[in-house]
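> the following comprises the amino acid sequence and a computationally predicted model.
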Number of protein chains: 2
Amino acid sequence: MREQEYTESEEKIFLAALDVFSREGKNGARMQEIADRAGLNKALIHYYFRSKERLYEEVFSFVMRRYLLSLAASLKDNTSFEELLREFVTRFLDLLNEHPTLPLFILRELSEGAAVMEEKIRQIIVPSGAGLPAVFTEAYRAAAASGEIRDLGASQTLITIMGACIYFFAGYPVLAALMPDIASDRDASLQERKQHIYDLVMYGLKPRLESES
Amino acid sequence: MREQEYTESEEKIFLAALDVFSREGKNGARMQEIADRAGLNKALIHYYFRSKERLYEEVFSFVMRRYLLSLAASLKDNTSFEELLREFVTRFLDLLNEHPTLPLFILRELSEGAAVMEEKIRQIIVPSGAGLPAVFTEAYRAAAASGEIRDLGASQTLITIMGACIYFFAGYPVLAALMPDIASDRDASLQERKQHIYDLVMYGLKPRLESES
DNA sequence: GTCTATATCTCGATAGAC
DNA sequence: GTCTATCGAGATATAGAC
């Protein structure tokens, strides 16, 4: 929520919780493990955060906000759609690589919380992320209007780009098991991935002269 | 595992477990809820499946196998890469739409199980899914060799396609909160999605004549 | 095979000393 | 603020009657 006003112990707990919740999920996480990892005891967690539920909420809000703000930031200050796309893909993949558990952490919460959390989700997502699709959509429409790209729908395109980025991390265990070339050098595959997504999407959006279907 | 040799009660339990585990995850699921939903009692679950862990494993294996086999099936018997792509996207999205909890169910397990499950994962994935990337890769390489498409890497392209399909479902709560146009008509968005992915990818892969960058 | 009743245990939460 | 010790809810798992 704030993290500025945190005392030293509070922050130790928060960081430990971030770590444990990311790996184990809300239900899988154990207060004891969080305490151990923080180098403190369980009682202190309750002293500062009252309950597991509240601690989790604070961690989730923080993660979600960081995630959306980071995405939104990478969309600002680009001169062309082409530059925006390259910047977005590069920075998004770098962000995910720094925090590989991040996408599943968020997605899992959304599926488990479903109905109950829906309202809370909106409270977090909309303020932090409002800039995200707006900036992208605006840039997309401008580029489409000027003829720089085809209009396949801004939202649909953004979903495709994000999915293409996220799935590399979220689905990595499956991918690695199925594709030896990906498993053999993860870092190289990730770098290739930046170029691949940018290339495929940009090429797919650019109008072509009168030729094939 | 088999489901053929199941008795009637066994199958009731299995189906109830499939339902509950899909919605709640391994840790969130309660044996009591599975028993209630099966119209039986907890003791019987242990009689047939011994423990929650074993029951979960059987459900997970089944889901994973069905998922991979279904994907692999949609790749067979296509005459051109273009047809294969259209068929794959359409059938994959239909599969996910029928089982919207499926992607997160699998992804969650992979993240939680991580190190421990890695070996078991391979035992399930590789046999069931071996055909998947192989068939795609072969078709991709043939099309690339004949000049029908550009060679951006078969694995990278497959990851992009799968990610673009899966994220619509896995990330739906975020997407719906951020994009009013998606939220307003989910079914229509899903149908658009089929066309969008096919169009963007196919157009992005097709070589163009000498023109712009 | 199926049930009820219960044992056993894990974990979140609290009490209370310091 | 921080700790140890412990409670009590709720979950998995088992015993044993039918």
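Yep, it's here.
> by mean pLDDT, point me to the weakest helix or strand of chain A.
Lowest by mean pLDDT, DSSP states H and E among the helices and strands of chain A is helix A:102-129, with a mean of 77.
> measure how that helix sits relative to helix B:102-129, angle-wise.
Interaxial angle of helix A:102-129 relative to helix B:102-129 (axes from the mean of the first three to the mean of the last three C-alpha atoms, to 10 degrees): 150 degrees.
> now the element after helix A:102-129, going C-ward?
helix A:131-145 (DSSP states H and E).
> and the least confident helix or strand of chain A, which residues are buried?
Along helix A:102-129, the positions that meet the burial threshold by neighbour count (16 or more other C-beta atoms under 10 Å in any protein chain shown) are A:102-113, A:117, A:121, A:124-125, A:128-129. Where C-beta positions appear, they are placed from N, C-alpha and C, glycine not excepted.
> among these, which are in reach of chain B?
A:104, A:106-108, A:110-112, A:121, A:125, A:129 (C-beta under 8 Å from any C-beta of the partner chain).
> any regions of chain A where pLDDT drops low?
Judged by pLDDT under 70, chain A has its weakly predicted residues at A:1-4, A:113-118, A:210-213.
> would you map the helices across it?
For chain A, the helices defined by DSSP state H occupy A:8-28, A:31-38, A:42-49, A:52-73, A:81-98, A:102-129, A:131-145, A:154-170, A:172-178, A:180-184, A:186-205.
> so who does A:Val63 touch?
A:18, A:22, A:102, A:105-106 (C-beta atoms under 8 Å, 6 or more residues apart in numbering or on different chains).
> what residues are up against the residue nearest to A:Ile149 when sequence neighbours are not counted?
Distances taken as C-beta to C-beta, 6 or more residues apart in numbering or on different chains place A:Leu205 nearest to A:Ile149, at 4.0 Å, with adjacent residues excluded. If a contact means C-beta under 8 Å, 6+ apart, then A:Leu205 has A:149-150, A:152, A:157, B:200, B:204 as its contacts.
> mark which of those residues are buried, thanks.
Neighbour-count burial (16+ other C-beta under 10 Å) applied to these gives A:149-150, A:152, A:157, B:200, B:204.
> as JSON lines, these with distance to DNA strand D would be great.
What follows is the buried ones among the contacts of A:Leu205, written out as JSON lines (distance: C-beta to the nearest atom of the strand, whole Å):
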{"residue": "A:Ile149", "distance to DNA strand D": "51"}
{"residue": "A:Arg150", "distance to DNA strand D": "51"}
{"residue": "A:Leu152", "distance to DNA strand D": "46"}
{"residue": "A:Thr157", "distance to DNA strand D": "42"}
{"residue": "B:Leu200", "distance to DNA strand D": "44"}
{"residue": "B:Gly204", "distance to DNA strand D": "47"}
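> quick one: which of those residues is nearest DNA strand C?
A:Thr157 (41.1 Å; C-beta to the nearest atom of the strand).
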